[in-house]
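Next comes the sequence, and after it the predicted model I'd like to discuss.
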Amino acid sequence: MERTIRVLVAKPGLDGHDRGAKVIARALRDAGMEVIYTGLQQTPQMIVEAALQEDVDVIGLSILSGAHMTLLPKIARLLRDQQMDDVLVVAGGIISDEDATVLKGEHGIAAVFGPGSNTNDIVGFIRANAGIARS
């Protein structure tokens, strides 16, 4: 029996715009995933603690504030510190291609989805890459 993919959707930092995160959360839920939405203005520590407590397979980070090169690496580091290397981390928002390359190559962010990304592509990526074998 296959385990339901559990996804934490979070808005790190002082970004106050959550429409995109809510659209993604709904698309993931409609695709049969269990979604936990943490709300606005979460610190990296709050996000990692919620991911640990909720035993998630995936963390989806939505960031529009421009602080992605500070906040996302910090979240990735905190996950490693908690031995949560099996959690897939994806990001979305306003992130340049150059920054996305660094986030993926140096910080372990599995994918970066920009504005206009197709929700079916996001669902497909998570299904293909989430560590559901850990059940």
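Thanks, I have the structure now. From a predicted model like this one, the values you see are computed outputs, not experimental measurements. Residues are numbered from 1 along each chain as shown.

Just say helix, strand or coil for the residue nearest in space to the middle of the chain.
Taking Cα atoms, centre = their mean as the criterion, Gly60 is the residue nearest the geometric centre of the chain, at 1.6 Å. Using DSSP: H, G, I helix; E, B strand; the rest coil, the structure places Gly60 in strand.

What is the burial count for the residue nearest to it when sequence neighbours are not counted?
Once flanking residues are discounted, Gly60 sits nearest to Val9: 4.6 Å by Cβ to Cβ, 6 or more residues apart in numbering. Heads up, the C-betas are built off the backbone N, CA and C, glycines and all. Residues within reach of Val9, counting by other Cβ atoms under 10 Å, total 26.

what are the bridge partners for Val9, then?
Per DSSP bridges, the residues bridged to Val9 are Tyr37, Gly60.

List the contacts of the closest residue to Gln41 other than its chain neighbours.
Distance criterion Cβ to Cβ, 6+ apart; nearest residue to Gln41, sequence neighbours excluded, is Leu14 at 6.0 Å. Contact partners of Leu14, counting by Cβ atoms under 8 Å, 6 or more residues apart in numbering, are Gln41, Ser65, Ala67.
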